[in-house]
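Asks: pasting the structure only:
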């Protein structure tokens with residue numbers, strides 16, 4: 001998990017653990033042009049969490065797991081497009097890490113990427 005390296009790096013530079021907040025992204029990055037469902041952002045290479053859910057359920061993307069980084073990624077037909085993002089499992093791993101390492105907490109970037117699920 002790469003966040004462990006970053007936390008230890010900041011700590012080695014004098015940052016106290018009770019001041020470190022772990023940022024949790026509810027978006028992903030992709031090698032694809034803007035997603036067809038994007039009403040919010042429309043930026044190439046940007047994938048809102050709800051868009052990853054739509055692509056997995058509507059566009060037949062396949063989800064995989066990266067054991068080294070402890071995060072999911074998805075691939076479309078013929079391995080294109082490719083997208084990395086967080087899901088419930090990876091968010092839980094990060095939340096458990098925050099608790100185990102006694103960090104100050106978490107922050108989300110950006111809550112408006114979840115708007116589809118609230119309306």
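Replies: Sure, I can see it. Because the structure is a prediction, the values reported are computed rather than measured.
Asks: where exactly do the helices run in the protein?
Replies: Taking DSSP state H as the criterion, the chain carries its helices at 2-12, 49-58, 88-100.
Asks: In a markdown table: these, plus distance to residue 106 and mean pLDDT.
Replies: Any C-beta I mention is one placed from the backbone N, CA and C, and that applies to glycine too. A markdown table is the format used below for these (distance: least, C-beta to C-beta, whole Å; pLDDT from 0 to 100):
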| stretch | distance to residue 106 | mean pLDDT |
| --- | --- | --- |
| helix 2-12 | 11 | 93 |
| helix 49-58 | 15 | 80 |
| helix 88-100 | 6 | 94 |
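Asks: Comparing those, which comes out most buried?
Replies: Mean neighbour count (mean count of other C-beta atoms under 10 Å) peaks for helix 49-58 among these, with a mean of 18.
Asks: helices and strands around that helix, which ones?
Replies: Other helices and strands packing on helix 49-58, by 3 or more C-beta pairs under 8 Å, 6 or more residues apart in numbering; DSSP states H and E, are strand 27-30, strand 71-75.
Asks: Just want to check the distance between residue 101 and residue 25.
Replies: Separation of residue 101 from residue 25 (C-beta to C-beta, to the nearest Å): 19 Å.
Asks: Nearest the geometric middle of this protein, what residue?
Replies: Residue closest to the mean C-alpha point of the chain, counted by C-alpha atoms, centre = their mean, is residue 86 at 3.1 Å.
Asks: now residue 18, nearest residue through space, not along the chain?
Replies: Nearest residue to residue 18 in three dimensions, chain neighbours excluded: residue 104, at 5.4 Å (C-beta to C-beta, 6 or more residues apart in numbering).
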